[in-house]
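J.: Need the 3D shape of this:
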Amino acid sequence: MRDDVETYVRTCLICQQDKADHQKKAGLLQPLPIPTRPWESVSMDYISGLPTVGDLGSIIVVVDRLSKYATFITAPKHVTAEGTAHLFFKHIVKYWGLPKDIVSDWDSRFTGVFWTELFKILGSKLSISSSYHPQSDGQTKRFNSMLEEYLRHFVRVTQKDWVKLLDVAQLCFNAQKSSSTNKSAFEIVTGQQPLLPHTLDSP
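T.: All right, here's what the predicted structure looks like:
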């Protein structure tokens, strides 16, 4: 059966057009410190240029660097640093707490406004221990690539239903077991696999 699937994928036009190249680019390696607990360090990036649905036109992708748990947040087409801080609080901080650092390729001015607004929401002043790494670790870029590929496969011709697809995409990404840990991001963060349709029928 595996051979049949591989043969089909090799001859499928959509699969060949949409599959991203996952080959690492050559360059100087600058490893980031490994987090010691989930949500201690996250990476963030945007997917922009999507068809506008209402006032939504971009996705903020946040990935926990330890567990690889991904959160896909719908955002306005031209979201501000303040707007990003409010969405980050609503979708990340209220569930997992405040990360010690964020890995992103934002400019320093945007980052300063983001952190200041985030601490204002929490009723606190900005702590200098909170840090920002002005680089990309490649992790969020890979998630962006996979999410864009997923949306291309499942979005309708009108391309206006991408917002509705994000929740299922997030569940699928986080429930998938990693070949290196044999655990899903969901399991690393919560301690158990989520119940899914195919597991509900099992005794």
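J.: Leu50: what's it in contact with?
T.: Counting by C-beta atoms under 8 Å, 6 or more residues apart in numbering, Leu50 makes contact with Leu56, Gly57, Ser58, Ile59, Lys77, Gln159, Trp162. C-beta here means a position set from N, CA and C on the backbone, and glycine is covered the same way.
J.: Of those, which one scores lowest on pLDDT?
T.: Lowest pLDDT among the contacts of Leu50: Gln159, with 83.
J.: Check the offset of stretch 181-188 from the chain's centre.
T.: Distance, stretch centre to chain centre, for stretch 181-188: 16 Å (C-alpha atoms, centre = their mean, to the nearest Å).
J.: Between the two ends of it, how far is it?
T.: Using C-alpha to C-alpha, to the nearest Å, the end-to-end distance of stretch 181-188 comes out at 9 Å.
J.: What residues sit buried inside that stretch?
T.: Neighbour-count burial for stretch 181-188, counted by 16 or more other C-beta atoms under 10 Å, picks out Ser184, Ala185, Phe186, Glu187, Ile188.
J.: What's the mean pLDDT across it?
T.: Mean per-residue pLDDT for stretch 181-188: 96.
J.: pretty sure His78 is in a helix, no?
T.: No. Read with DSSP: H, G, I helix; E, B strand; the rest coil, His78 is coil and lies in no helix.
J.: rewinding a little: among the buried residues of stretch 181-188, name the ones in helices.
T.: The members of the buried residues of stretch 181-188 that map onto helices under DSSP state H are Ala185, Phe186, Glu187, Ile188.
J.: Wait, the second one touches Tyr69, no?
T.: Read it as Phe186. Yes. Using C-beta atoms under 8 Å, Phe186 is in contact with Tyr69, at 6.8 Å.
J.: which SS class is Ile60?
T.: Look at Ile60: counting by three-state DSSP, its state is strand.
J.: Next up, the contacts around the residue lying closest to it once chain neighbours are set aside.
T.: The spatial neighbour of Ile60 that comes closest, neighbours along the chain excluded (C-beta to C-beta, 6 or more residues apart in numbering), is Ile73 at 4.2 Å. Going by C-beta under 8 Å, 6+ apart, Ile73 touches Ile59, Ile60, Val61, Val62, Leu87, Phe88, His91.
J.: quick check, Ile73 in a strand?
T.: Yes. Assignment of Ile73 by three-state DSSP places it within a strand.
J.: What is the neighbour count of the closest residue to Leu166 other than its chain neighbours?
T.: The shortest distance from Leu166 to any non-neighbouring residue, by C-beta to C-beta, 6+ apart, is to Phe72 (4.6 Å). Phe72 has 21 neighbouring residues, counting by other C-beta atoms under 10 Å.
J.: Phe72 reaches Leu165, doesn't it?
T.: No. Taking contacts as C-beta under 8 Å, Phe72 lies outside contact range of Leu165: 9.4 Å.
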